[in-house]
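Enquirer: What shape does this take:
(one chain, ligands or ions: 1)
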Amino acid sequence: TPNLFQTVNPTTGEKGTAYQGHGVDQALSIAADVHRSQAAWRRMGVKERAPLMKNAAKVIRDNSSRYAKLMTEEMGKPVTDGLAELEKCASCCEYFAEASEGFLKPKPLDVSIGYAGPGAPPKAFATFNPLGVILAVMPWNFPFWQVIRFAAPHLMAGNGGVLKHASNVPGCALALEEIFGLAGFPVDLFRTVLLSSKDLRPLIEDPHIAAVTLTGSVAAGKSVAAIAGAVMKKGVYELGGSDGYIVLEDADPVAAARICARGRMVNGGQSCIAAKRFVVVESVRQAFEGALVEEMKRFEMGDPNDPKTLLGPMESVHSRDQIASQVKQSLRNGAQLLLGGEAPKRAGAWFPATILSNVLPGQAAHDEELFGPVAAVISAKDEQDAIRIVNASEFGLGSAVITADTARGERIAAEELDAGAAFVNQNVRSDPRLPFGGVKNSGYGREVSEFGIREFCNIKTVFIE
Ligand code: NDP
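Expert: Coordinates of the predicted model:
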């Protein structure tokens, strides 16, 4: 059947469960159902929505071992990482259950400046009304987190959700629909469609969809944004990144290597905000590289079902082949191999922790996003040179600076780095309380925090004379 979503276990290369897809007509009818459900939901107060979002946190926790297993089977995530991801999802639901009322409270607007009277100036305020049904196109790398960080704020704001998840994680996609059902949200407020990305256009254009959010590759983002733009629908796009970490000459090389390895190896390196380029001032480079080898060696490949495993397989053989070829191309063009570099000869999507040094322009490790466990070390002359190198990227998602002088780090982070986030002496991470998103080819708009929740609100002026 052409419309089957066949899962493949990346640990073994074997086929798993196949799911019947929806097809375009069924997806459009689901969008109409969500639209109907959202029309009632939007009238409910934020206070009444909050207990349901708290229930969602409980459902996630109650089912965490089953959901973690689904992730391991469909995209290879080590079980310990899966459980941590689910706990983060649950606390995100609790955060927005708690904080949304404050974020969505009407904001008084001061129109007294320039007001000549007579009497009191008119009353004005802004309300944050829901936009409607949001279509979420989501990736496989954090199958639950990517969706929850969209759904928790936007359902709290009174919107509905249609989820089109990545085609390799259909079981996770259906589990997400299940979460909101079991939590007691109104029927059809949040639905999953199993639809291939090539069939997405009619859904984006459908009048029941008010806006779109996509997390994924630059190509996918540009394609969806073009279609949504042509029908004047707002979008939030969180695309790739090639986060640069500056290691300054005053940094402790061992502590720096620990932060960098942790940042690089998030989710086996398959994260938009993984640390990808280490831009190291030359005087500390050798010491840093030595320490980085020791830190990266700890990420040994192992069975993702074993709770001790830090590095499982990659998401698919296709992704593994892609990173293997980027490594090969970089080595051919002058990079030096410090660790790993070679895919083991066994079934499944395995690639080891790898370090490339002497990474220069013209090498894939320098110019492209490395979506896997491969660290690239780039040498810089000094602080200015390091800032220039980090900013000379098509991407601008996260960035970091590691230094013994926190005031210096703060200045570079706040004023110099051209990215949606800049962390000092810490690897970049997402957090429901902090705005998340990028600039340049990393996309636009923000997720989570009080900025994220307002992206899909109608910020309406109310003026009373
Ligand atoms: P994709 O961008 O292809 O997939 C992400 C989502 O977008 C999936 O739901 C996918 O659906 C959908 N999609 C893909 N192409 C289109 C399109 N033309 N129109 C509409 N929707 C589309 O990611 P990949 O899995 O292919 O990964 C490739 C690269 O993307 C990675 O190497 C990385 O650079 C980047 N990426 C970034 C992520 C992030 O967190 N920012 C997450 C994942 C990937 P379907 O599966 O049906 O094609």
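Enquirer: Show the model's pLDDT score for the residue nearest in space to the middle of the chain.
Expert: In the chain, the C-alpha nearest the mean C-alpha coordinate belongs to Gln146, at 5.5 Å (CA atoms, centre = their mean). According to the prediction, Gln146 has pLDDT 98.
Enquirer: Correct me if wrong: it contacts Ala152.
Expert: No: look at Gln146 against Ala152 with CB atoms under 8 Å: they stay out of range, at 11.7 Å. C-betas here are computed from N, CA, C, even on glycine.
Enquirer: Next to the ligand in this structure, residues from the stretch 251-400 of the chain, please.
Expert: Those residues of the stretch 251-400 of the chain that sit near the ligand, judged by CB under 6 Å from any ligand atom, are Cys272, Glu369, Phe371.
Enquirer: so what's Ala183 up against?
Expert: Applying CB atoms under 8 Å, 6 or more residues apart in numbering to Ala183 gives the contacts Leu52, Met53, Asn55, Ala56, Lys58, Val59.
Enquirer: I'd guessed Ala394 sits against Val439; true?
Expert: Heads up, residue 394 is Glu, not Ala. No: the pair formed by Glu394 and Val439 falls short of the contact definition of CB under 8 Å, at 10.7 Å.
Enquirer: Give me the below-cutoff pLDDT ranges for this protein.
Expert: Per-residue confidence of the chain (counting by pLDDT under 70) places the weak regions at 1.
Enquirer: Tell me where the longest helix sits in it.
Expert: Taking residue count as the measure and DSSP state H as the definition, the longest helix of the chain comes out as helix 79-104.
Enquirer: got the residues of the stretch 51-200 of the chain near the ligand?
Expert: The interface of the stretch 51-200 of the chain toward the ligand, taken as CB under 6 Å from any ligand atom, is made up of Val137, Met138, Pro139, Trp140, Asn141, Lys164, His165, Ala166, Ser167, Ser196, Ser197, Leu200.
Enquirer: Give me the neighbour count for the nearest residue to the third one once chain neighbours are set aside.
Expert: This points to Pro139. What sits nearest to Pro139 in space, not counting adjacent residues and going by CB to CB, 6 or more residues apart in numbering, is Gly216, at 4.6 Å. Counted with other CB atoms under 10 Å, the burial measure for Gly216 works out to 23 neighbours.
Enquirer: With Glu415 instead?
Expert: As a measure of burial, Glu415 has 9 neighbours, counting by other CB under 10 Å.
Enquirer: Are we agreed that it is in a strand?
Expert: No: assignment of Glu415 by DSSP: H, G, I helix; E, B strand; the rest coil gives helix, placing it outside any strand.
Enquirer: Go through the helix or strand hosting Arg388 and flag the buried ones.
Expert: Arg388 belongs to helix 383-391 when assigned by DSSP states H and E. The neighbour-count criterion (16 or more other CB atoms under 10 Å) identifies Glu383, Asp385, Ala386, Ile387, Ile389, Val390 as the buried residues of helix 383-391.
Enquirer: can you redo those as a markdown table with distance to Lys328?
Expert: Written out in a markdown table, the entries for the buried residues of helix 383-391 read as follows (distance: CB to CB, whole Å):
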| residue | distance to Lys328 |
| --- | --- |
| Glu383 | 33 |
| Asp385 | 28 |
| Ala386 | 27 |
| Ile387 | 30 |
| Ile389 | 23 |
| Val390 | 25 |
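Enquirer: List just the nearest of these to Asp306.
Expert: Val390 (36.2 Å; CB to CB).
Enquirer: for the closest one, what are its contacts?
Expert: Neighbour list for Val390: Gly244, Tyr245, Ile246, Arg277, Val279, Ser399, Leu417, Asp418 [criterion: CB under 8 Å, 6+ apart].
Enquirer: nearest to the ligand, of the residues you listed?
Expert: Of all these, the ligand sits closest to Arg277, with 14.1 Å by CB to the nearest ligand atom.
Enquirer: does the nearest residue to the closest one once chain neighbours are set aside sit in a helix, a strand or a coil?
Expert: Closest residue to Arg277 apart from its sequence neighbours, by CB to CB, 6+ apart: Gly244 at 4.5 Å. Using three-state DSSP, the structure places Gly244 in strand.
Enquirer: which residue ranges form the strands in the stretch 101-250 of the chain?
Expert: Counting by DSSP state E, counting those that start in this stretch, the stretch 101-250 of the chain has these strands, from start to end: 107-108, 123-130, 133-137, 160-164, 190-192, 211-215, 234-238, 243-247.
Enquirer: And for the shortest one, what's in contact with it?
Expert: Outside of strand 107-108, the residues that reach it under the criterion CB under 8 Å, 6+ apart are Ala124, Phe125, Ala126.
Enquirer: quick one: which of those residues is nearest Lys69?
Expert: Within the contacts of strand 107-108, distances to Lys69 taken as CB to CB reach their minimum at Ala126, with 45.0 Å.
Enquirer: Nearest spatial neighbour of that closest one, chain-adjacent residues omitted?
Expert: Leaving aside its chain neighbours, Ala126 sits nearest to Lys107 (4.7 Å; criterion: CB to CB, 6+ apart).
Enquirer: So the one you found versus Met296, what's the distance?
Expert: Taken as CB to CB, to the nearest Å, the spacing of Lys107 relative to Met296 amounts to 48 Å.
Enquirer: out of the two, which sits in the more crowded spot?
Expert: Taking neighbours as other CB under 10 Å, Lys107 and Met296 compare with Met296 leading, 24 against 11.
Enquirer: picking that back up, may I ask which of the contacts of Ala183 has the most neighbours?
Expert: Greatest neighbour count in those, by other CB under 10 Å, goes to Ala56: 29 neighbours.
Enquirer: Does that one lie in a helix or a strand, and which?
Expert: With elements delineated by DSSP H and E, Ala56 resides in helix 46-62, which encompasses its position.
Enquirer: Dump the C-alpha coordinates for that helix into CSV.
Expert: This file holds the C-alpha atoms of helix 46-62, laid out as CSV (Å, rounded to 0.1, in the frame of the first residue of the first chain):
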residue,chain,number,x,y,z
VAL,A,46,-7.3,30.4,30.7
LYS,A,47,-8.0,29.4,34.3
GLU,A,48,-10.3,26.6,33.1
ARG,A,49,-7.7,25.3,30.6
ALA,A,50,-4.9,25.1,33.2
PRO,A,51,-6.1,21.9,35.0
LEU,A,52,-6.3,20.1,31.7
MET,A,53,-2.7,21.0,30.9
LYS,A,54,-1.7,19.8,34.3
ASN,A,55,-3.4,16.5,33.5
ALA,A,56,-1.3,16.3,30.3
ALA,A,57,1.8,16.4,32.5
LYS,A,58,0.5,13.5,34.5
VAL,A,59,-0.4,11.5,31.5
ILE,A,60,3.1,12.0,30.1
ARG,A,61,4.7,10.8,33.4
ASP,A,62,2.3,7.9,33.8
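Enquirer: got the contact list for Ala376?
Expert: The neighbourhood of Ala376, defined by CB under 8 Å, 6+ apart, consists of Lys276, Arg277, Phe278, Ser330, Ala335, Leu356, Val359, Ala365, His366, Leu370.
Enquirer: tell me which element it is part of?
Expert: Element membership of Ala376, judged by DSSP H and E, is strand 374-380.
Enquirer: Many thanks, I have nothing further to ask.
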